[in-house]
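Participant: only geometry, no sequence info:
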């Protein structure tokens, strides 16, 4: 089974930006637990188009190229 993970893009952020981006994405997605965050960042939960676009822009605004944000992974 294939999934889309944004862990690659998140890891390309500077450490000082990671918490800020994480809070922004968690608020948008309405998640409050580390487990829910983990499932999202690893691609276990497929993002809707609006979620995909928001996550892409949140990371891209901080200097990460769009091609370096998402990766297709094997579950």
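Facilitator: That came through fine. All figures in this text were calculated on a predicted structure; none of them were measured in a lab.
Participant: drop to CA atoms for contacts and neighbour counts, all remaining ones
Facilitator: OK.
Participant: show me the contacts for residue 71.
Facilitator: Going by Cα atoms under 8 Å, 6 or more residues apart in numbering, residue 71 touches 4, 5, 6, 7, 8.
Participant: Most neighbours of all those, which one?
Facilitator: Counting neighbours by other Cα atoms under 10 Å, residue 5 comes out on top of the contacts of residue 71 with 23 neighbours.
Participant: what are the bridge partners for that residue, then?
Facilitator: Per DSSP bridges, residues listed as beta-bridge partners of residue 5: residue 71.
Participant: Pipe the contacts of residue 71 into a markdown table and attach distance to residue 31 per row.
Facilitator: Below are these laid out as a markdown table (distance: Cα to Cα, whole Å):
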| residue | distance to residue 31 |
| --- | --- |
| 4 | 18 |
| 5 | 17 |
| 6 | 16 |
| 7 | 17 |
| 8 | 20 |
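Participant: Report the mean confidence score over stretch 30-41.
Facilitator: Stretch 30-41 carries an average pLDDT of 97.
Participant: how about the helices of the chain, start to end?
Facilitator: In the chain, the helices defined using DSSP state H lie at 7-11, 15-29, 34-41, 49-60.
Participant: so of those helices, which one's packed in deepest?
Facilitator: Of all those, helix 7-11 carries the top mean neighbour count, a mean of 18, counting by mean count of other Cα atoms under 10 Å.
Participant: How far away from the center of its chain is it?
Facilitator: Distance of helix 7-11 from the chain centroid (Cα atoms, centre = their mean, to the nearest Å) equals 7 Å.
Participant: any idea how far residue 58 is from residue 21?
Facilitator: Relative to residue 21, residue 58 is positioned 7 Å away (criterion: Cα to Cα, to the nearest Å).
Participant: just checking, residue 39 touches residue 45?
Facilitator: Yes: using Cα atoms under 8 Å, residue 39 makes contact with residue 45 at a distance of 5.9 Å.
Participant: and stretch 65-73, how far apart are its ends?
Facilitator: Its first and final residues considered, stretch 65-73 spans 19 Å by Cα to Cα.
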